[in-house]
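Visitor: Fold the following for me, if possible:
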Amino acid sequence: MREAKELRLVYRDFLLEANSEYPELVALEADLSSSMSTNKLGEVFGKRYINVGIMEAEMIGVAAGLSILGFKPYLHTFGPFATRRVFDQVFLSLGYSQLSATIIGSDAGVTAEMNGGTHMPFEELGLMRLIPNITIFEASDDIQFEAVLKQTLEIEGLKYIRTIRKAPEVVYECGEDFSKGFIELKTGRDLTIFASGIMVAPCLRVARELEATGVSVAVVDLFRIKPLPDEFNTIYSGTPILTVENHNEIGGIGSALCELFATDNTTDVHRLGVHEKFGQVGKVPYLLAQYGIDENSIKEKILSIIEK
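Guide: Next up, the predicted model:
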């Protein structure tokens, strides 16, 4: 199996590559450039690389102004600062104003680790999904992240990408088609798991383990969270669904699929995510177990649904 590339390096290299074809591209940071490996971009981008310091609201305002002038702003900061801290600015200056910009929110959920509760976002998908006409992605590995970033160059309007900074588990090998917004990684007849981000790989492992016991579970990587693919209503109707996410049960992919299948009496949607808890300090394996979204919890949830 190949070695995964750190996602912060994927982002940096994407900007450098896209810069040659899109001279209107602008990279903005809010004092976290070294964390995202973008701190040397100024040598190439010149004045089109802007580090505003710890002033995230100002970064949104600058991006809005640049978008009006015809530039393509790419903004990065940690997820909680890119969403809940500046939600009104994002909603009005970019969303309501119908401007184009791409916001990268890193350190998704438990991957904030030792930065602790103040830096650990479990709610940003719920916030950003409320913005009309926004496009939202969550990357599960480096190949997918690069593909999604390239898609944002051609998508009009506001885009948000939820991601991690370090090397992910490998999910894809290259050559996959990411145009539909989802990929079914494993087929199954008893239940379908929808996962995103860092939860995709463990869900695959659990599904393959259960296959050996006669339990057939499909796994879908739902990496475009808004808008949801049109065909979901027909493809996945009639089989129980379990959503697994490194996010609050409220507002994320669980809520999105509950809304989609609300009037479908043949499809039960079950959710596994962070339930009524704030973030805390810890390493990823510890935090996954603390929040009940580790592999054992996923397996137990699947079996409890099937055995009903």
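Visitor: Might you report the residue contacts of residue 133?
Guide: 95, 98, 157-158 (CB atoms under 8 Å, 6 or more residues apart in numbering). (Each C-beta comes from the backbone N, C-alpha and C, glycine too.)
Visitor: if I look at it, how far off is residue 43?
Guide: Using CB to CB, to the nearest Å, we find residue 133 at a distance of 36 Å from residue 43.
Visitor: now the stretch 1-150 of the chain, which segments are flagged as low pLDDT?
Guide: Applying pLDDT under 70 to the stretch 1-150 of the chain flags no residue at all.
Visitor: Which residue ranges of the chain form helices?
Guide: Applying DSSP state H to the chain gives helices spanning 7-21, 42-45, 56-68, 79-82, 87-89, 124-129, 142-152, 200-211, 232-235, 253-260, 284-290, 295-306.
Visitor: and the ones you listed, which is most packed in?
Guide: helix 79-82 (a mean of 26; mean count of other CB atoms under 10 Å).
Visitor: contacts for that helix?
Guide: 30, 56, 75-76, 90, 103-108, 112, 118-121, 124, 160, 162.
Visitor: Check stretch 31-42 too.
Guide: 6, 8-9, 11-12, 15-16, 27, 29, 49, 51-54, 76-78, 104, 106, 165.
Visitor: Now do the end-to-end distance for it.
Guide: Using CA to CA, to the nearest Å, one end of stretch 31-42 lies 14 Å from the other.
Visitor: just to revisit the earlier point, please convert the buried members of the contacts of residue 133 into PyMOL selection syntax.
Guide: Per 16 or more other CB atoms under 10 Å, the buried members of these correspond to this PyMOL selection:
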select buried, resi 95+157+158
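Visitor: Among the contacts of residue 133, which lie within strands?
Guide: residue 158 (DSSP state E).
Visitor: and the contacts of residue 133 as JSON lines, adding distance to residue 191?
Guide: Shown next, in JSON lines, are these (distance: CB to CB, whole Å):
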{"residue": "95", "distance to residue 191": "36"}
{"residue": "98", "distance to residue 191": "40"}
{"residue": "157", "distance to residue 191": "35"}
{"residue": "158", "distance to residue 191": "34"}
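Visitor: Per the annotation, how does this structure divide into domains?
Guide: 7-162, 182-306 (automatic domain parsing).
Visitor: and residue 169, which of the ones you listed is closest to it?
Guide: domain 182-306 (3.9 Å; CB to CB).
Visitor: Give me the distance from the closest one to the chain's centre.
Guide: 14 Å (CA atoms, centre = their mean, to the nearest Å).
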